Structures are given as C-alpha cells and as structure tokens.
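K.L.:
sharing a sequence plus its predicted fold:
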Amino acid sequence: MINRWIEWCARNRFLVFTATLLLVLAGVWSLKHIPLDALPDISDVEVIIHTHWAGEPPNIIEDQVTYPIATTMLAAPRVKAVRAQTMFGDSYIFVVFQDGTDLYWARSRVLEYLQQIQGRLPPNVHPVIGPDATGAGWVYEYVLVDHTHKYSLADLRTLQDWYLRYQLETVPGVAEIATIGGFVRQYQVKLDPDKLRAYNIPLSRVIDRVRESTNEVGGRVLDLGGAEYMVRGLGYFNSLQDLADVPVGTTKNGVPVLISDLGTVSFGPDIREGVAEWNGEGETVGGIVVMRYGMNALDVINGIKKKIQEIKPSLPPGIEIKAGYDRSGLIEASIHTLKRDLLEEIIVVSLVIIIFLFHFRSALIPILTIPIAVVGSFLPMYYLHVSSNIMSLGGLALAIGVLVDAAIVMVENGYRRLSERQSRPPSSSPGYEPSNNVTNQADDPPETAVTAPPPPPPPVTARERRHILIEAAKEVGPALFFSLVIIIVSFLPVFLLQAQEGRMFRPLAWTKTLSMSISSILSITLVPVLMLIFIRGKLRPESKNPVSRFTQAIYLPILKLCLRFRKTALLLSLALLILTVPLAWRIGSEFMPPLFEGSSLYMPTALPGISIGQASQLLQEQDRIIKSFPE
C-alpha cells in the first residue's frame, strides 16, 4: 500500500504541494494562536471554597463551617480529595477533582452541593468559590509608588480597590485582581462602656441601629398638581456626622440618645492580614493579576501592560504603577532559548546532510522537511490544548534529529542509484552492443592495433530518471515508515504517566509524537516528489565522495572485525551494559528541569504568630539587602 501511495504522490505533484502548503499555513496560524507559557500547568483541577466569619475562633469555624462543607463535598462526583484549612475568621476548603475533569463542570458541581448545606450553616455565613484559575495563574504583580509621599496607605488602597481593580479586570483572560497591602478604610464607632451603662443601652442595640440606619426605603406615589412624586426615605450616610446622629434610644424624659452621645465616630483602618513592601523603601499597595484557566499567559500580561498605559494619565499626580513580578520575561526567555536551540539544530543537521551527500540540491529535501514537520505539529497541538512551553518545545528539540532520518535515507538511496546509473560503463548499459574499433594505420606495422577509448555512457532520459528515483523510494519507503511508527509507539508509555508527572511530561510526549507522525507521512508523500525535482544534473558517485571514503575507512574495518569475532563483540557489549548499572543508581533524580533564564524566586518563611509590624520590618530589611545586589 505504501508503494502505491508513493507512486500516486509522484503522479500528483500539484495535490501534494497544495496539501503541504495548507498544512504549513494552518500550522503558522496555530503557532500564532497557541497559548504561551514558561512551564506547563501541573496543578490539580481544584475548586477553592472560602468562608469568612468575622471574629470567630478557629475551633468554632472548624465545627460549624469547615466540617459540614468538607463532608458534603466528599460525595460530589469525580472528587479525588478534599482538604481544609481553618484560621481565625476564615475557612478555606480545597476540592480536588480527578485528572481530566473540566474545571467549569467541577465548579458547577461545587455550587450544587453548596446549596444543599445552606440551612446547616450559621446565619450570615455565605461560602463563595474562588476564581476560575489554577495555581499557575499568578502571572503579573504591580505596586503603586507614591513619589510625592502625600498619599497614605489608605488612600492608595482606596485607589486600588475602587478604580484600578475594576479597570484591569476588563482585560480579556483576567480572572481576578487581588489586592495586597495598605489599609481598608472603615467607618468606626468607638463606644464608651461607661456611657452605655449609664444610658442602659446594650451593645447589640447600637449594632442593629447602625445596620438599619444605612437602608433606604421607598413609599407610594403622590399625585400633586398633575405630576407624580415618589416617596423615599433617604438613609445612606454622606459624612461621619450622619453616622454620629443616628438615634439608638431615648432617655426617661424622651430625649433621643445619639451615637455621638455614646462614643466617637471616625475613619480608621481595618485589621490587616497582609503587607506589601517595595525595594526596602517602605510599605505600599499592590495588585496580583490572576489569569483565567486555559488562557494565553503572554497575551494576558501584554493586555495588562497596555491597559496600565491607558489609565496612567488618569492617576493622581505623583502615583506610578510599577511591575513587581512579570512572567513575560521568563516566558520570552524560555521560548527564545528553545527557538535558538531549534535553529542551531536545524543548521547543524543541514550542514551534516550537505557534507555527507555532497550535493546541495539533494540536501535541500531533508532540510525542507524539518520546518514543515515542526510547523505542522502546532496544528494538532492547538486543538489538543497543548500550550507552547519549555517542555512542549523541548519535545520538538528532541525530535529534530529523527525528523530527517527517513528523508536522508530515501534521498541517499535515490542519489546512489541515479549516480551509479550515470557512471555505469557502456558494457553494462542496456541496449549497448560492444564493437572492436580497430584502426590500422598505413605507416604502422600490420600486427599493431590501437583500441579507441570507450564511449561515454548513454545519457539518462527523463523517463528512466523518474523510474529510478521512484523505485529507490519504494525500495526503502515501507521500512522507513514503519521504523518511525515503531519509534512513535515506543514513546507512548509517557502518556500513561499520571498526576503531576503526567501533566509535566505529557506536552513533551505530544509534540515529539506529533512531529514524528507528520515526518513519517511526509517521508512517503512529499519526499518522493521533491526527489523528482531536486535530484538531477551531474551526480558524484559515492566512491568519489571524500567524506564517505573517510568514514568508510574508519568503520568498515571495525564492522568486519565485529562480524568476524561475533561472540567477543556481544560479550563486550554486555559487559559495558553491566558497568552502567551501578552508575545509574548514583546519577540522582530531579522532578523539575533546571531553568537558568535569569529569574529567581525568594520565599521567606516566619513563625505563625508573627505580627504585621514585625513582618513589615523583616520584609523591608530583606528587600533592602536583596536590592543591594547589582543583579
């Protein structure tokens, strides 16, 4: 079947070139739209449930919030594990689903099961699920730098929470803009216990009156003078004085007791649970950009940068947005490194092909198949949702040498067959009849005869050349195709890896398998057609190629020696294999490949009970020390 396929492709060059062009164009389109990242996302399919219960200790939250939610989620379909973490005022539950589960299907199941336990949770406790992102979604971080030192941390936090966050969330692919650092501004009522006791007003009544006073109510419609008037009760605060004038009770004489009579009202900061420090210069306010699951990290980062440039003129004077963490540098450095390696490998392989074939036009055939196979592999990568990262592109780098194997062997066989035909002596040429061209010269003795030099071999006709090249391709085509298929099948066990190791190395297996599959198809479709176009002209026989003669002088004696002493050669090979066993146990292992792209991640740890003030001091000192290094 493969031989018939080779003959069909040789007869239909236009269809083969059209299909190849469409493959290249589709691959280029996929290359521009495929997601880019530094490393593959190895995180689990996970949904986070957060519950805030202000002022409650961890043991109460554990019993009344964390435990009911966690036990309910255990019954959800395709759930692999449920983990929980309870702290003062907060509960976090991590629902981990089986590999291959769609994240949005998992989120909908979590919401269904949360509805079942709403009646079992304490009043005013409302669990919410986290953003549709993974652990690798933290792609960008920025800080607000105040060059004028006029704005407080509360002012910067207000600017971040009520303006910047909403602007940046409009960027496509952004799941959340998380704020860190600064102070959240609050209306704070500081009550005097002695005054509460003097007026005999409980604290719960003050809380209820403050909560009720911030509501607006609507009444009926009044028809006066041909116009309708809506009756409304305005209750929203416009100033601190409005809050201070809220009545909470009356005295025995009927005089209203206001909140201002029980204490003071002022603006103040909320209790902080995080701090941000910048370059050892002091605290600041920052934002963390969390990318939505499955999006292109580089596109999201570029969209954030573009949006920051757009809103920069509208910032208060002296406020500047600076990048604290930008993954695009690591992504571009990783992709640049692999692009450079791929280009170097293509150049080296091309030079080796030219040197050994000693015919530039013939060497163009395997050289052209390399970029076609590489670009074409991006098309199935796009539809299989395999991102372009250091592991997937590493699979292409591993496959470069194998991609040209079939093309090199097929071209070399056709080149050899055609060069031998061109240099064939006349006596072996088909249709040649030998003759004794003897010329007797009158001046020479009668017994002396001079034989004329043999005539050149008859030229190779176009039909004969086509027949020779097609037969040469058919001679090695099936063996080459199935040898590539065997290599592809031998790499399939990598797809059986599970969990994190599977998510890490599966992109490499996909790209290597896809590129080799396309290369094996090209070897029996495009390569025979290119042989008919490029293998022509005066060809140098293999015996006249100095490189081939040099290599044969080296390996032929060794080959003959090994064939003569077969048992000795096998025993030496077996001994060499046994010697590698103790070395294999001493090599060591590492899960993640080392990255040397100029980026470092410093993650300090501290005691659990450290205060915000102490943490801020430590961060400032550490940042000052790190900033002192030129790097």
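P.N.:
Good, I have the coordinates.
K.L.:
ok, Gly318 - contacts?
P.N.:
146-148, 150-151 (CB atoms under 8 Å, 6 or more residues apart in numbering). Any C-beta I mention is one placed from the backbone N, CA and C, and that applies to glycine too.
K.L.:
distance between stretch 565-576 and the chain's centre?
P.N.:
46 Å (CA atoms, centre = their mean, to the nearest Å).
K.L.:
name the residues that touch it?
P.N.:
Cys562.
K.L.:
quick one: buried residues of that stretch?
P.N.:
For stretch 565-576, a neighbour-count test (16 or more other CB atoms under 10 Å) marks nothing as buried.
K.L.:
ok, stretch 234-241 next?
P.N.:
Under 16+ other CB under 10 Å, the buried positions of stretch 234-241 are 237, 240.
K.L.:
got a quick ChimeraX command for the buried subset of the contacts of Gly318?
P.N.:
The buried subset of those, as determined by 16+ other CB under 10 Å, is captured in ChimeraX by this line:
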select :146,151
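K.L.:
mind checking which of the contacts of Gly318 are in helices?
P.N.:
Using DSSP state H to define helices, no part of the contacts of Gly318 is located there.
K.L.:
can I get the contacts of Gly318 in CSV with pLDDT and distance to Met531?
P.N.:
Output for the contacts of Gly318, formatted as CSV (pLDDT from 0 to 100; distance: CB to CB, whole Å):
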residue, pLDDT, distance to Met531
Asp146, 90, 70
His147, 89, 68
Thr148, 89, 73
Lys150, 89, 75
Tyr151, 89, 73
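K.L.:
who are the packing partners of the helix or strand hosting Ala178?
P.N.:
According to DSSP states H and E, Ala178 maps onto strand 174-180. Packing partners of strand 174-180 (3 or more CB pairs under 8 Å, 6 or more residues apart in numbering; DSSP states H and E): helix 165-168, strand 283-291, helix 297-311.
K.L.:
hmm, who's touching the longest one?
P.N.:
When you say that, I think you mean helix 297-311. Under CB under 8 Å, 6+ apart, the answer for helix 297-311 is 35-38, 139-140, 142, 164, 167-168, 170-174, 289, 291-292, 321, 326-328, 331-332.
K.L.:
now it: buried residues?
P.N.:
For helix 297-311, by 16+ other CB under 10 Å, it's 297-301, 303-305, 307-308.
K.L.:
which two among the residues you listed are spaced furthest apart?
P.N.:
Ala297 and Ile308 (16.7 Å; CB to CB).
K.L.:
can you tell me the closest non-neighbouring residue to Asp270?
P.N.:
Take Asp270 and drop its neighbours on the chain: the residue closest to it by CB to CB, 6 or more residues apart in numbering is Val184, 4.0 Å away.
K.L.:
which ones are touching that neighbour?
P.N.:
Applying CB under 8 Å, 6+ apart, the residues near Val184 are 154, 157, 161, 269-270.
K.L.:
just give me the closest of these to Leu396.
P.N.:
Asp161 (44.5 Å).
K.L.:
neighbours around that closest one, how many?
P.N.:
Using other CB atoms under 10 Å, the number of residues around Asp161 comes to 17.
K.L.:
surely it and Ile180 touch.
P.N.:
No: assessed by CB atoms under 8 Å, Asp161 is found out of contact with Ile180, at 11.3 Å.
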